[in-house]
Structures are given as C-alpha cells and as structure tokens.
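Chemist: I need the structure of the sequence given here:
(chains A and B)
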Amino acid sequence: MLLINCPYCGERDQSEFTNGGEAHVARPKDPDQVNDREWSEYVFVRANPKGIYYERWVHTHGCKKWFNAIRDTSTDEILKIYKIGETPPLIKRFKNTLRSPSGEPDVGSGNFTVKKP
Amino acid sequence: MSEHKIYFKFDGKTYGGNEGDTIAAALLRNNVKLVGRSFKYHRPRGIYTCGIEEPNALVQIINEHNEPNVRATVKKIYEGMVVKSQNRWPSLKRDLGSINNILSPIFSAGFYYKTFMGPKGFWKNVYEPLIRRTAGLGKPPREFRSKSIHLHHNVDIVIVGGGFSGLLAAKKLAGTNYDVLLIEREDSLGGILKNTKKIELINDQNPSDWIEKTERLIQNSRNIKVLKNTLMTTYNFSDHLIAVEDKSVGKPQDNEKPELVLHKIRTKQTILANGHIERFISFRNNDLPGVMLAASFEKYIQKYGVVPEESPVIFTNNSSTFSLVKSLVDLGHKPKAYVDVRDQKKIEKETVELLNKYNIPLYAKSEIEGCEGKNEISKVSIRVKKNEIIKIKTSMLCVSGGFNPDIHLFTQSKGLLKWDETILAFKPEKTFQNTITLGSVSGNFSYEKLIGEINKKLDFFEGINDLEIKLNINGPKKFQIKELWETNHAKKSLWSKSFIDLQNDVTTKDLKQAVLEGFNRIEHLKRFTTNSMGTDQGKISSINALGIVSKILKKSVSEVGTTIYRPPYAPLSFSAIAGRSTYEFYDPERKTPVHPWHVKHNAVFEDVGQWKRPWYFKKHNNESMEQAVQRESKQVRESAGILDGSTLGKIEIKGKDALAFVNLIYTNSFTKMKPMTARYALMLGEDGMVKDDGIVCKINDQHFLTTTTTGGAANVLAHMEEYAQTEWPNMNVYMNSITEQFSTFNISGPKARTIMSRVFNNIDFSNESFPFMTFNNFDYLNTKVRILRASFTGEPGYEIYVSPKHALTLWERIFYYSKDLDLVPYGTETMHLLRAEKGYIIVGQDTDGTVTPIDLNLNWMIGKKKKDFIGKRSLTRSDIVRSDRKQLVGLVPLNKAYGIEEGQHVIEEKNLNTPIKKPVKMLGHVTSSYFSPTLNHSVAMALIKGGNRKIGSQLYVSTSDLNVIPVEVVKPNFIDPKNERLIS
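Modeler: Next up is the predicted model:
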C-alpha cells in the first residue's frame, strides 16, 4: 500500500485516497469548437505509460481535496505531490529510471523473479 | 518444561502432552504417527516437519467452531482441546477413499480438465459433488467469528525473525535512537540455537543462557519492541508489512479477548532474518508416516524434548545432518543407519568420526530407493551400489535434501533472486526496497561468517558498535551439498509413488507428464499439475520441482526460473483480515428518524446503499409483497400515500458563482428560473450518459438546493467537488451534504392537498398561491419546514423538509390529521410501480450508464441555449445521434392477463423454437415491469433499438420458460399522459 503525502493533511495510507487518472488533461475551453475526434480523446483517451506519469488523487476519506502527483508507475514511487493550480514540474527533472521490480524489459510486463544470467 | 500433563483428544482418544507442546509434538510423544489422509489419493500421512512449512499434518479443531486445516506442527495444545483428523471416512486407519490410490492412473496431472468433460449436466450433478466429498481438506467452520483487532505501527526498523541473526541484529540496535520492532513467529527467541546442537558455546556461554541475556538486554533497551507468536505474512510495496499475532497460543478460546492481532507496519528499513527451510528428497513412498525432515526431527528433540524414534535411519545429501546424529547420541540413542549420497571422501571428517565413534553404519555414495509400510514405515530400501539394494527395518526415516533460504518475503518485496551453485538454492541478489537480509535467508549458511556479515550490513546505522562474538561450533564448519532431487524407483506398483507435493498429491511422474504434454514453462507447469499450490505453497518441495524439471528439460535451474511467492506467507485467517468490521460493523446501517414507526407498522426493509428503507408495509402477517404493493399503489391513486424520502441525497450549493456552476453540472437551464421554484434535473457524465437525476430548488442565484438518488448521493457530491476543484477552481462555489440535516416526506394522491391543509392550517395550498414546482419556508409549531410541491407519482404531491428532531412527531401528526382520509404509508416497491406507471425513469434501473437523455426522450430537459454543461458536447457525437440507438419505450401486453418479466429480451420473432438453434435477434431488454392495479394490466418499460420508430408496432417479449408474449410498443406514459392530475 502506498503512503501518500496529502498536501493538506500529511502522510496517509493509500486506502484513504482515490486515484483520479491522468492529470492535466485539459477540458476544451469551447467544447463546440472541437471535432468529434478531439472531444472523444478528451473524454476517453488517457496515457498509460510505464514510467513517470502525472496523475490526480483525491483524499476521499479525509479532506476531500484533489491534488496532483508524479508517480513512477514502474516502481510505484511517488516523486512529487503538488496542489491543483500549481505549475506541474517537468518530467525531465526526474531520473526516468524505468527500474522495475523484476528487471523486466522497458516495454511490456514480465513475471520474472530470477535475475537473468 | 513443567511436568504438568495436559490432556486433549485426537480422533476421540485422550492423550497427554506437556505444556508448550504443539499437537504434533504431543502426538509424537504418544507415538502417534498417522495423523491424516492425503488430498487426492487418501494415502496415510504423518507429521513431516516441525513448523509452519508442514504439508501433511493438517487437523480440524472441533472445539474451536470446527476450525479446519490447522497445522498440527504449529498449534499448541491446551486442556480439553478436541482435535480430529481430516479427509477420511469412516476412520483414519480404514479410509474408504483410499480406493483413489488404486484408481490413481486416472488422477494424473490435469485430470480434472481431461476426465470430467461430459455428458452435459454431469459436472454439476455427479462429478462435482463426488469430487467435493472425496478430495479436499477439512470441513468449513460452522460459524464465522471474528475476535481480531488491527494495530498500526510506524517504526524505523523491522527485524523479521528472532533467531540467531535476528537476535544479533537486535543486540546491535539496542540502545540506539531507532524505533525497532522484532517479529518472531514462535513463542520464544533463539531459533536455530534452541532447535539444534549446531552451536555449542557463544562467548563461552551456553546458547540458552546467551539467549536469555540477550533477550533481557533487548527488553531493557526501550527502543526495541518484541512481538512473539507473530507471523510476518506480507511484505508490500512502500515498506508496508503485515504480521499476524496469535494471542491465544496454548489457551482455549476466550470470547472476550481478541485472539488475533493484525499488525500493519510502516517502516523505513526491513531486516529479513527469517532463516531457511529444509527441503525433502523424492523417493518411492516418500510420503509414508514416519518420514520426517532431519532438522525437524532434531527440533522435536531439542525444543520439545520428544524423541520421535530412538534409532531412525538418516538420509542426507549435505553436511547439516551431523547435528541430528549429535543430538541423538548425546541422549544415548543410536541411528540405525546414516545414508549419504556423497562419496566417502566428500563426507566431512567430523561426521565420519562421530559415526565411527558410536558405531553407526555409514552408507556412503548410497541413496534411499524407497520405503515400505502400511500406515507407517516398516522398512527402508537403501541402494548401496547400482543394482544392489539392502533393506533395513525402521519406523522412521529422517531426510535432508538441503536448505532453501526463506525467500518468500524477499520475493514479495519484489527483490530479485539468483541461483547459488554452492548451496543449490535461490538466494537474494538485488533488493527492490529498503531491505537487508541477514544470515541463512541471504544464503549465508556459515556461522563463522555471520558476525562479519551482520557487522558489515548494519554498518550504516548510527550509534552502533561492532559485535564481538566467539562461537564454538559443533561439527562441520562449512555447508556442503550434492545435488539430488529424486532417487530411482526399483519397484513398480500402483502403491509406489514418489511425491513432489505432499499436500496436493503431485508425484514426480506428474511433472514428467506435464512437460511431455508441453507445459514446460514453470508457471504453466505449476498450474497444470497444481504443484506447490497447496496451503503450504510447497515450502519444502517447490525448489525440488524446479530441480527435477531442469533435469527433464536439460536446462539449468536458473534458466527454468522459479514461480512467484505471493502473500500471505502462510494461510491467514479471514477473521484476522476482517478485524472489527463484522456483522453490524461491517457496513454502517443508516436509519431515518421515522424508522421506529416503520418497524411498528410492519415495514419490510430494503437496503439502499447503507440505508434501511421500507420496501413495503405488511397490513397483516399473511399479506404477500405483491398484495401489499397492489394495495398501497391503488390507495395512493385513489386517496393519498406518504413515503419516507429522508434517504434522498440533499446537497446545498452556495457562492457567487452558484448559478453558473449549477448550469454546468445539470443539463437544464436555471438562468431564467424564478427564485423559490424547482426543476426536475438531469446530471450527465462527460460522455453524455445519464449519471443521476433529482430536483434542483433555486432559492436565489447564489443559493441552490439539489436532491439526488439515495444511492448516488456521495458520488454526486464527489462529482461536483471534482469539477469545482479541478476544472473550475476559480469559481466561487461551495457544496455541502445536508442529507442528514433534513428529513423528507412525500405526500401524494388526490387527497394530498386536503391532508396538507389540515396539518399546516395556516398555509394556502391552492393551485394559484402554491403552484406545481414551487417551494417555500414556513414556521411550524416551534420549528420550520420547507414545503415543495413536486411529485414522482403523477398525482398532486408535496414534499416536506423538516429537522430530523421533529420528523417523527410531524409524521405522526400527519396520520393523526388524516384518520378519515385513507392515507397509506408506502415503500420503495410501490414508489417504483407508481413511477413506472407514469414512465418516470429510475436512474440505475431504466438506465445503466449507456443511456443518454435523448435515448430517454428527455430532450426537453436539455438547456439547448446553454453554451456548455458537462456532457453537452458528447450529445452531438456521431454515435449518440444514431437513430437506431436503444431508446426507452413503454410495453403493454396484448393479452392483458399476461405479465412481463423484468430483464427479458424484446424480440421480433413470434415464437422461439426450442432448443434454440440459431441466434435470436435481440432488440433490447425490459428495464421495469409492474402490474398496474389502476389500469388492471401489466405496464413495462424497455430499452430497444430504434424504439421511437417502433411506437405502435407489435413486438414480443421472451419469458423464462422460453415462450413469448406479444406486446404493443407505446409511449412510456401509461396513466394521465397529459399530466392533468399532476398539476390539478
């Protein structure tokens, strides 16, 4: 279970939070001006990278506040937490480790427990 | 150990044991070797180990609510305990199921998949009940009880294991500024020091004295907390560990105190010092009672003072068994034979000298071919040369096939392993979290190197000193081993089996067969054969399986790889996980202030979310639900009915931008709406699908009240918060749930106005001064009420909002004033019927997250002039404007006597030929259906493809007995389509 540092309440167990998917997916300012494809991308399409990822969390069983986080999905390490409205730190700032538990390849998943000789 | 005897029952017979004995130790003390029958073949099984890794000796504790699959090697006895063996009938010694052993050719690997294929219906009616009766473990407990609590810890360091390494680590950390938790799964610290004769002296002291002194030092250090009888079961991400503590060790059940404590631990560093597990060797009949792992045998002697057998045969492939011989000869006993697969030259000189000194026959370069016996071993066969076998009579055989570092927790932490050729085992290679491994778990089997290892690995902690420990070690100093996973069978018979997984009855033959059938990846092989999938997770055998498979595949073990060990480390009682969240604490029950009145008036309740809502009210005990609902709904239409709507979600929205916000959240337009009026409103998701509905009341442009569905209240508030915080953070708007601050009653029916005028005699309820969809606040007695004229029955209706404190009184007064007006209290089922008659949708019943307002013909609710609201843009997407989408229509059976079933398919076919040979085209399904007492026939709503164009046509609805009912498609509004009654 992750330990999440709510910017308003401090460190709490993950079970108090709800993940809100990818962060900084801007809602089109004037929805009527975008075509079906662009709108569908806003509504349905989200990135799901292996590596460093902007995402949203809400402290559901706490202050109910939304905030943003940068998490390395390959290690589950939360690299940065910042409030809504704050300028998102550049991903480049963080070392993109792609370090994964089992030393598996960068793309795809693996179930290896033994270090490859 | 006191001499006080403790008496307990095993399979009806009373035995005596010593305090501190496990069931297994006490049974061995009484020379009981047969303790269970195996899972599949019902073969006799005995005690194989002396700890948590036990695959065989699982028993049922009858006096603890039938607790099944308890390890006899872990559970301690107490006075009056009643224990039963498992998976046998009629008795342990004569078990009819053992016929399976003779039928075993059909029970080979994958036999469930291959054998029980047909004919149709046989699985459910014949095979499954039969298999369930004969295969399996214990019987389920009779009742669920949970007496466990959860405890949270935040510490700097967790040490897992209070054995030699764990104690040394704790000694080093004692007195420092670190907060340390030491977890030990047994009832005492010391581990290997107590269980074996491997170490003679520590700093010239007896090991037990040294343990006592060290424990005192730790206890006095104040920064280290020791938890005994606590099993570390889980090593999660983010240095989060879970351990379960057994508080009832050696004690009968206590109904007042928690039995189990689940420790949830956050730490900064984890020191794994959880040791190793001995593994076995496969040979013919290696499952017979009397076969035991060598280190376990020694543990019974050293820890429990039980000598299971004074002259066993010892079979080994490594140097560790010296210590067992020493333990036996020190007590004046003499092993019958010492069988070592290694060359005489390779066997450690200490062992050879000891064997010679006591005249114990040594069979070097020999192996156990197999053993004989009915319910326990009587003879073992030793292959001394290639074709020469000699037989020795014995009742016990101690086996050591080497040791595996106990890497379960390490792999749970996502650390990487590496195969070590010198110890022939996987050991930790690379940590993923803040993990340190010490001692045998790190693959270090040398006591001499241990001190150096600990000093080095713990060096970075602040304020610690180097340990200086002098050890006097018994026997060989270096661990040496020769690879041996299985010996060759010389004898072939149905009875002769060489097992690889004792708990799941997997034989080495099954492994070979699985590879032959193409399951040559270790994860596939595991699932096909069920190898290491028992409750013991193959702790003593899974690496052996890898060894055997690597030989078949002619690959190295490293290439074959290992399967993943998943948490928990050992079976974890559900009661430990449940903690206090059981029965009424599992999920809170919410009750309205009128609840006692409902109970008094025979309400039958329905759970809606956490709420208890009256489903219907029984007029008399014999009234069925159907009768009650027909009566209630007829009475509402004829006179009046009252519904306790206090459970409806209520949200207050305030702020300078409240109007703009509400306009964005709901589809309707609220700009031109007059203050103190209300509107039925729809909420969509960004995908354009209906999310919730409710009534929005406008007090003024800065202040709104909205209602939500009972189940949707929390989600709707969360949805509003999400948009307010993330999309429009600059809006000045605040939301607050006021669901519990107001009780709500809904009175409707032709006599509703009369009732209201009587209860609130100072208010003018005429249509002119109190029109439909308006509301106002009034003083009422010593409180205030808000009355809204709204209805979801199609009859004139009023909704009263009142403080919960006054709710019950008001409810009773309403009944007091309408004694002669035939007012009926009704529940949710009648509410659904009344709504269906009017074609009013219920979100979640008539919609399912794929339905737009257009599909529901609720276009009038969409504020077309609004520039934006959530979901607006989606309503013009090409898929949403398709005319053949599923649309909501009404259905009326042509034959008025027929009823329509909810959930049935709407089709075009006149009849269904049974059996159905080709696919039937489905147009959609029935979402709601009720028998209307007012119309005297069934009315239904359905979502069907292109429904709007089908109005007036005839379709068919399937029935559960594969008939069809002809129905007419109509507009979904069955009563008063012009709403004359509603606004009268």
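
Chemist: Mind pulling up the pLDDT for the closest residue to A:Asp72 other than its chain neighbours?
Modeler: Spatial nearest neighbour of A:Asp72, chain neighbours left out: A:Ile52 (5.3 Å); criterion: CB to CB, 6 or more residues apart in numbering or on different chains. Every residue, glycine included, has its C-beta placed from N, CA and C. At A:Ile52, the model reports a pLDDT of 87.

Chemist: for A:Ile52, what are its contacts?
Modeler: Listed by CB atoms under 8 Å, 6 or more residues apart in numbering or on different chains, the contact set of A:Ile52 reads A:Ile70, A:Arg71, A:Asp72, A:Thr73, A:Leu79, A:Ile91, A:Phe94, A:Asn96.

Chemist: Now with 10 Å, please.
Modeler: Contact analysis of A:Ile52 by CB atoms under 10 Å, 6 or more residues apart in numbering or on different chains lists A:70-75, A:77, A:79-80, A:91-98.

Chemist: go on, B:Val889?
Modeler: By CB under 10 Å, 6+ apart, the neighbours of B:Val889 are B:839, B:857, B:906, B:923-924, B:940-944, B:946-951, B:953, B:955, B:967, B:969-972.

Chemist: which residues touch the residue lying closest to it once chain neighbours are set aside?
Modeler: Spatial nearest neighbour of B:Val889, excluding adjacent residues (CB to CB, 6+ apart): B:Gly947 at 4.0 Å. Taking CB under 10 Å, 6+ apart, we find B:Gly947 in contact with B:855, B:857, B:884-891, B:906, B:923-924, B:955, B:969, B:972.

Chemist: can you rerun that using 7 Å?
Modeler: B:Gly947 is in contact with B:Lys886, B:Gln887, B:Leu888, B:Val889, B:Val969, counting by CB atoms under 7 Å, 6 or more residues apart in numbering or on different chains.

Chemist: quick one: low-confidence parts of chain B?
Modeler: Applying pLDDT under 70 to chain B flags the ranges B:1-3, B:89-90, B:96-136, B:144-146.

Chemist: which bits of the stretch 251-400 of chain B sit near chain A?
Modeler: Taking CB under 7 Å from any CB of the partner chain, the part of the stretch 251-400 of chain B that reaches chain A is made up of B:Arg266.

Chemist: closest point of the stretch 251-400 of chain B to chain A, which residue?
Modeler: Distances between the stretch 251-400 of chain B and chain A by CB to the nearest CB are smallest at B:Arg266, namely 6.5 Å.

Chemist: Could you check how far the closest residue to that residue other than its chain neighbours is from B:Lys268?
Modeler: Spatial nearest neighbour of B:Arg266, excluding adjacent residues (CB to CB, 6+ apart): B:Asn154 at 4.9 Å. According to CB to CB, to the nearest Å, B:Asn154 stands 9 Å off from B:Lys268.

Chemist: Could you do B:Leu821 as well?
Modeler: 71 Å.

Chemist: In terms of neighbours, single out the busier of these two.
Modeler: B:Leu821 (16 against 13; other CB atoms under 10 Å in any protein chain shown).

Chemist: Surely the more buried one touches B:Ser639?
Modeler: Yes. Between B:Leu821 and B:Ser639 a contact is recorded at 6.1 Å, counting by CB atoms under 7 Å.

Chemist: Identify the contacts common to these two.
Modeler: Contact criterion CB under 7 Å, 6+ apart; residues shared by B:Leu821 and B:Ser639: B:Lys751.

Chemist: Just the endpoints, please. Distance across stretch B:654-671?
Modeler: Length of stretch B:654-671, first residue to last, CA to CA, to the nearest Å: 15 Å.

Chemist: Only the buried residues of that stretch, if you could.
Modeler: Residues B:654-655, B:657-670 are the ones in stretch B:654-671 that count as buried (16 or more other CB atoms under 10 Å in any protein chain shown).

Chemist: For the stretch 251-400 of chain B, just list every one of the helices.
Modeler: Secondary structure of the stretch 251-400 of chain B (DSSP state H, counting those that start in this stretch): helices at B:294-304, B:322-330, B:349-357.

Chemist: Give me whichever of the ones you listed is most buried.
Modeler: Compared across the helices of the stretch 251-400 of chain B, helix B:294-304 shows the largest average neighbour count, a mean of 24 (mean count of other CB atoms under 10 Å in any protein chain shown).

Chemist: Which strands and helices lie in contact with that helix?
Modeler: Identification of packing neighbours for helix B:294-304 by 3 or more CB pairs under 7 Å, 6 or more residues apart in numbering or on different chains; DSSP states H and E yields helix B:23-29, helix B:192-195, strand B:276-278, helix B:322-330, strand B:397-400.

Chemist: Got the phi and psi for the residue of the stretch 501-650 of chain B found nearest chain A?
Modeler: Among the residues of the stretch 501-650 of chain B, B:Gly561 lies closest to chain A, at 4.7 Å counting by CB to the nearest CB. Dihedral pair for B:Gly561: phi 80, psi 170, per degrees, to the nearest 10.

Chemist: Ok, B:Lys600 next?
Modeler: Per degrees, to the nearest 10, the backbone of B:Lys600 is at phi -60, psi -30.

Chemist: tally of neighbours for it?
Modeler: Counted with other CB under 10 Å, B:Lys600 comes out at 8.

Chemist: what's near enough to touch it?
Modeler: Counting by CB under 7 Å, 6+ apart, B:Lys600 touches no other residue.

Chemist: Domain-wise, how is chain B divided?
Modeler: Domain ranges of chain B: B:5-102, B:151-279+B:403-484, B:280-401, B:595-646+B:742-834, B:649-739, B:882-984, per automatic domain parsing.

Chemist: what would the ones you listed look like in a markdown table with distance to B:Leu511?
Modeler: Output for the domains of chain B, formatted as a markdown table (distance: least, CB to CB, whole Å):
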| stretch | distance to B:Leu511 |
| --- | --- |
| domain B:5-102 | 15 |
| domain B:151-279+B:403-484 | 15 |
| domain B:280-401 | 10 |
| domain B:595-646+B:742-834 | 50 |
| domain B:649-739 | 51 |
| domain B:882-984 | 43 |
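
Chemist: Please name whichever of those domains is nearest to B:Lys554.
Modeler: domain B:151-279+B:403-484 (14.2 Å; CB to CB).

Chemist: what residues are up against the closest residue to B:Val733 other than its chain neighbours?
Modeler: Leaving aside its chain neighbours, B:Val733 sits nearest to B:Gly655 (3.8 Å; criterion: CB to CB, 6+ apart). Taking CB under 7 Å, 6+ apart as the contact definition, B:Gly655 lies against B:Gln702, B:Asn732, B:Val733, B:Tyr734.
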